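Chemist: how would this look folded up:
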Amino acid sequence: MTIQEPRVFWVLLVLVPVALVQWRELVRGRRDLKLLYGQWQHQEVMNLFLVKWFFSSLFFNIALFFLVLAAAGFSWGQEPIEEDRRGLDIAIAADISRSMLAADIAPSRLDRSRSVMRALLQEFPGARFSATMFKGHAVTAIPLTADTVALDGFIDALHPNMFSSTGTNIEAGIRAAYRSFYSGSSRHRVIVIFTDGESLDGVPVRAAREAAASGVPIFVVAAGTEAGAPIILADGSQVRDERNAVVVTRLDLDAVSQIATVSGGGMIRLQDGDAFSRLVAGIRSHEAVMTSEGFRLVPVERFRFFLFPALFSLICYSAIRVIRWKELF
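Modeler: Below is the predicted model:
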């Protein structure tokens, strides 16, 4: 089971003020009925009012509850979708946090990553590329395009100073890269992310799992070594912590491996001599498999499972409010 929009559950907090308004309606209604009816009619009318108030409030709250569940995007199970896939879309996601300036891979993690990105543009001339950069948050700077000149310019400009957010959020990078694909497209889709795996915010595996559910593998180009290196700034100084100790940034091999495994992609270590050839082979292998199978498995959306009870409850709520129950007794 997956939930596409878990943040929607915050809307359920609206039930609290709704319940308070309903209670206020009950109190005010009982007070008004006392003033409008004599004592001999009061109990009969009050019973009718209480029944209508209870069931109308109940059905309204049930409808709101199920509407939120429908909007959350529940899906479970998979179904095969037959499709004719032609073309390739590659979403590049580049980690531009300061740790990518470390020189444990010469001349630096970021510089070596740039070289692989440029080589990808040359290796897949018929593909469309998008370019996303991320630190504490993510920005898709170039949407899907075949314009390699624009992409080259973006790659040249990559630097931690491109925006001011601090920290690293790999999950945000994966999500932004995934959103850069056109919805409804039948082209092959892959995400290639360049990172050292150090993520201070987010849960990257969660985003990787959701990408895999849509048939999008993530190929992680792991930038850095497990021994690590200090971060060298433009003025030649080294990044230090609050105790004035030199900060050593290290490759988080477990984190990048998990992202690749969960998504059905692959992990390539940037320092390896055959890193680029392995990356290309992985992308081409995915493309060949999807083409030969002619279909893909997609999660089955279950919003109707919640939408129908919500609509039924709204109908019941409207009927209770509109029908003159006095005539039914």
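
Chemist: just the endpoints, please. Distance across stretch 241-249?
Modeler: Taking C-alpha to C-alpha, to the nearest Å, stretch 241-249 runs 12 Å from one end to the other.

Chemist: flag every buried residue along stretch 219-234.
Modeler: 219, 220, 221, 222, 223, 224, 225, 228, 229, 230, 231 (16 or more other C-beta atoms under 10 Å). Glycine gets a C-beta too; all of them are placed from N, C-alpha and C.

Chemist: straight-line length of that stretch, end to end?
Modeler: 30 Å.

Chemist: off-centre distance for that stretch?
Modeler: Mean-position distance between stretch 219-234 and its chain equals 26 Å (C-alpha atoms, centre = their mean, to the nearest Å).

Chemist: over to stretch 178-197?
Modeler: Remark: stretch 178-197 is offset 12 Å from the chain centroid, using C-alpha atoms, centre = their mean.

Chemist: now it: average pLDDT?
Modeler: Stretch 178-197 comes out with an average pLDDT of 88.

Chemist: now swap in stretch 69-89 and tell me
Modeler: The model assigns stretch 69-89 a mean pLDDT of 75.

Chemist: now swap in stretch 47-63 and tell me
Modeler: In the prediction, stretch 47-63 has an average pLDDT of 86.

Chemist: which residue ranges of this protein form helices?
Modeler: 15-36, 39-71, 109-123, 148-157, 170-179, 204-213, 253-263, 275-293, 303-322 (DSSP state H).

Chemist: measure residue 48 to residue 313 for me?
Modeler: 21 Å (C-beta to C-beta, to the nearest Å).

Chemist: and the residue nearest to residue 64 when sequence neighbours are not counted, how many residues sit next to it?
Modeler: Among residues not flanking residue 64 along the chain, residue 15 sits closest, at 6.5 Å (C-beta to C-beta, 6 or more residues apart in numbering). Applying other C-beta atoms under 10 Å, we find 15 residues neighbouring residue 15.

Chemist: show me the contacts for residue 15.
Modeler: Going by C-beta atoms under 8 Å, 6 or more residues apart in numbering, residue 15 touches 61, 64, 65.

Chemist: so where's the stretch 201-329 of the chain shaky on pLDDT?
Modeler: Counting by pLDDT under 70, the stretch 201-329 of the chain shows low-confidence ranges at 288-298, 324-329.

Chemist: format the helices of the chain as JSON lines; extra columns: distance to residue 136.
Modeler: Converted to JSON lines, those look like this (distance: least, C-beta to C-beta, whole Å):
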{"stretch": "helix 15-36", "distance to residue 136": "32"}
{"stretch": "helix 39-71", "distance to residue 136": "28"}
{"stretch": "helix 109-123", "distance to residue 136": "17"}
{"stretch": "helix 148-157", "distance to residue 136": "19"}
{"stretch": "helix 170-179", "distance to residue 136": "8"}
{"stretch": "helix 204-213", "distance to residue 136": "14"}
{"stretch": "helix 253-263", "distance to residue 136": "17"}
{"stretch": "helix 275-293", "distance to residue 136": "27"}
{"stretch": "helix 303-322", "distance to residue 136": "32"}
